[in-house]
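Engineer: A predicted structure for the sequence below; I have some questions about it.
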Amino acid sequence: MRAAQRGGPCAYAQLLARITPWLRGYIGKERRFLQMADVEDLVQDVLLSLHAVRRTYDPGRPFLPWLLAIVRHRMADAARRHTSRSAGETSPEARQEANSSFPVTSLEAAANMEESAFGDPQALRQAIRALPAGQRVAIDLLKLKEMSLKEAARELGTSVGALKVAAHRGMASLRRALGRKTVKE
Amino acid sequence: MSTIDTQQLIERLAGDAAPVGRLPAPWVRTALWLALAAVNLLAFVLVMSPRRDLGAAIANPAFITEQLAALATGITAGLAAFASVVPGFDRRALILPLLPLAVWLACVGTGCATSWIRFGPAGLTVTPDWACVPAITLIGLAPAAIIAIMLRRGAPLTPHLTAALGGLAAAGLASFALRLCHAEDASVMVLIWQIGTVALLTAAAAAAGRWVLGWGILTRRGR
């Protein structure tokens, strides 16, 4: 480092090359949860920082505490950056967990069938197809296309009451057809 | 980024390794800063002309203690700020300014208590003295700018804390200089307007810490 401060490129390159594996090991050990690429990012961060503040090193004092202070602060900075970036974001897993009591919905009807909750989506589709026309349309509009009762009644030209009955009967027939007690309404 | 990139980075940094002047020890830099700031403060005191009762004030031990404490707060805060930009610095340096700061506050607090005892509630009347806020800010501006430039040559390990110490150092000195010119001896006024301004400036400096001192500026230069 002393040579580096005097501007010896060879000694400096040697020093950096020697501390890099050590840095990689140290950061990897301190931040076990990080991916290799993130550890490498941090190593490069430390190298750049060390380079930028190399004039603060006092040759009269040991090198390692100086280096460690930089490493620790850069690691803390990276952690802070990460936290502020991910604040307000939730991981997909966490979101799924929070929503697990509700069915995941998407435009594609088939994609809405969660296998665990609905069993075989193919069987469900067949069961729906086998329903009488009135019930099938009611299920289709209310449950699959997620229309409101009013919208669906307007679309079919029937009353809300009649639609409710048709949908209820449809769900009952589906339950019977699939041999399960719980088809979510 | 991969290991190959790191290797390239090392080569680039080594190629860019122009000789650098080693940063002097914190106390040397503090002395240098003080010398520069003193010139400024002296100029200010001369321009503003010292208070007429300065001779009488100097004879007052309470005034002297308070002024010395303010001065010591500024100096030790500067020392702590300079120490905090050296990686691996002794953290005990950070509590250094607390001692004179406590003495300073105690002096002013005692003054408040004395006037309460002597004059009752009337002794603690606070009248608006907004001039203190811009005055201390203006006087402190040059010392603050100098210490900011000097601190940027170090490592921004604790930007907010370092900036707060720098702000306290500059504001402490400014408050010291203002008391030499501004004949306002009611302790409660000093407490609210002068020390209040010092606290305000310290807080503002702390908030601006990451903006004044950041790795971003340093490492981008290297990139």
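Structural biologist: On my side now, so go ahead.
Engineer: enumerate the residues of chain A near chain B.
Structural biologist: Proximity of chain A to chain B, by C-beta under 8 Å from any C-beta of the partner chain, involves residues A:4-10, A:12-13, A:16-17, A:20, A:37, A:40-41, A:43-45, A:47-49, A:51-59, A:61, A:65-70, A:73-74, A:77. Yep, even glycine has a C-beta here, placed from its N, CA and C like the rest.
Engineer: go again with 6 Å.
Structural biologist: With C-beta under 6 Å from any C-beta of the partner chain as the criterion, chain A meets chain B at residues A:4-7, A:9, A:12-13, A:16-17, A:40-41, A:44, A:47-49, A:51-56, A:65-66, A:69-70, A:73.
Engineer: which residues touch stretch B:78-91?
Structural biologist: For stretch B:78-91, contacts defined as C-beta atoms under 6 Å, 6 or more residues apart in numbering or on different chains pick out A:56, A:65-66, A:69-70, B:26, B:29-30, B:33, B:93-94, B:96-97, B:151, B:154-155, B:158, B:162, B:165-166, B:169.
Engineer: first-to-last residue distance for it?
Structural biologist: Stretch B:78-91 has an end-to-end distance of 14 Å (criterion: C-alpha to C-alpha, to the nearest Å).
Engineer: run the chain-centre distance for that stretch.
Structural biologist: Centre-to-centre, stretch B:78-91 and its host chain are 14 Å apart (C-alpha atoms, centre = their mean, to the nearest Å).
Engineer: skipping adjacent residues, who's closest to B:Val190 in space?
Structural biologist: B:Val108 (5.4 Å; C-beta to C-beta, 6 or more residues apart in numbering or on different chains).
Engineer: distance of the one you found from A:Asp45?
Structural biologist: 45 Å (C-beta to C-beta, to the nearest Å).
Engineer: what's the answer for A:Leu144, then?
Structural biologist: From A:Leu144 to A:Asp45 the distance is 51 Å (C-beta to C-beta).
Engineer: over to B:Asp16?
Structural biologist: Counting by C-beta to C-beta - B:Asp16 and A:Asp45 are separated by 17 Å.
Engineer: A:Ala37 too?
Structural biologist: For A:Ala37, the distance to A:Asp45 - C-beta to C-beta - is 13 Å.
Engineer: between these two, which one's more packed in?
Structural biologist: Higher neighbour count among A:Ala37 and A:Asp45: A:Asp45, with 20 against 10, using other C-beta atoms under 10 Å in any protein chain shown.
Engineer: tell me the contacts of the more buried one?
Structural biologist: With contact set as C-beta under 6 Å, 6+ apart, A:Asp45 has these partners: A:Arg74.
Engineer: can you tell me the SS state at it?
Structural biologist: helix (DSSP: H, G, I helix; E, B strand; the rest coil).
Engineer: pLDDT value on it, please?
Structural biologist: With respect to pLDDT, A:Asp45 has a value of 85.
Engineer: re earlier: just the buried residues of the residues of chain A next to chain B.
Structural biologist: Neighbour counting with 16 or more other C-beta atoms under 10 Å in any protein chain shown marks A:4-5, A:9, A:12-13, A:16, A:40-41, A:44, A:47-49, A:51-54, A:56, A:66, A:69-70, A:73 as buried within the residues of chain A next to chain B.
Engineer: so which of those residues belong to strands?
Structural biologist: Assigned to strands by DSSP state E, none of these qualify.
Engineer: among those residues, name the ones in helices.
Structural biologist: Assigned to helices by DSSP state H, the following of these qualify: A:4-5, A:9, A:12-13, A:16, A:40-41, A:44, A:47-49, A:51-52, A:66, A:69-70, A:73.
Engineer: what does stretch B:106-123 contact?
Structural biologist: Under C-beta under 6 Å, 6+ apart, the answer for stretch B:106-123 is B:Thr65, B:Glu66, B:Ala69, B:Leu124, B:Ser187, B:Val188, B:Val190, B:Leu191.
Engineer: quick one: pLDDT of A:Ala94?
Structural biologist: Predicted confidence (pLDDT) for A:Ala94: 58.
Engineer: are any of the contacts of stretch B:106-123 buried, and which?
Structural biologist: By neighbour count, with 16+ other C-beta under 10 Å, those hold B:Glu66, B:Ala69, B:Leu124, B:Ser187, B:Val188, B:Val190, B:Leu191 as buried.
Engineer: list the residues that contact B:Leu101.
Structural biologist: B:Thr73.
Engineer: please report how far it lies from chain A.
Structural biologist: 26 Å (C-beta to the nearest C-beta, to the nearest Å).
Engineer: same check on B:Ile195?
Structural biologist: Taking C-beta to the nearest C-beta, one finds B:Ile195 at 32 Å from chain A.
Engineer: residues in contact with A:Asp140?
Structural biologist: Contacts of A:Asp140 (C-beta under 6 Å, 6+ apart): none.
Engineer: quick one: it and A:Leu131, what's the gap?
Structural biologist: Note on A:Asp140: its distance to A:Leu131, by C-beta to C-beta, is 9 Å.
Engineer: between the two, what contacts are shared?
Structural biologist: What both A:Asp140 and A:Leu131 touch, as defined by C-beta under 6 Å, 6+ apart, is an empty set.
Engineer: near chain A at all, stretch B:22-31?
Structural biologist: Yes - using C-beta under 6 Å from any C-beta, stretch B:22-31 reaches chain A at B:Arg22, B:Leu23.
Engineer: and that stretch, what's its mean pLDDT?
Structural biologist: 88.
Engineer: swap in stretch B:35-43?
Structural biologist: On average, stretch B:35-43 scores 91.
Engineer: what lies in contact with that stretch?
Structural biologist: B:Ala142, B:Pro143, B:Ile146, B:Leu173, B:Ala177.
Engineer: spell out for me which residue occupies the centre of chain B.
Structural biologist: The residue lying closest to the centre of chain B (C-alpha atoms, centre = their mean) is B:Ala169, at 1.4 Å.
Engineer: wait, isn't that one in contact with B:Ala77?
Structural biologist: Yes - B:Ala169 lies in contact with B:Ala77 (C-beta atoms under 6 Å); the separation is 3.9 Å.
Engineer: what residues does chain B have near chain A?
Structural biologist: Within chain B, the residues that sit near chain A (C-beta under 6 Å from any C-beta) are B:1, B:6, B:9-10, B:13-14, B:17-20, B:22-23, B:86-88, B:154-155, B:157, B:215, B:218-219, B:222.
Engineer: could you turn the buried ones of the residues you listed into a PyMOL selection?
Structural biologist: Buried members of the residues of chain B next to chain A, defined by 16+ other C-beta under 10 Å, are picked up in PyMOL with:
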select buried, chain B and resi 6+9+10+13+14+17+20+22+23+86+87+88+154+155+157+215+218+219+222
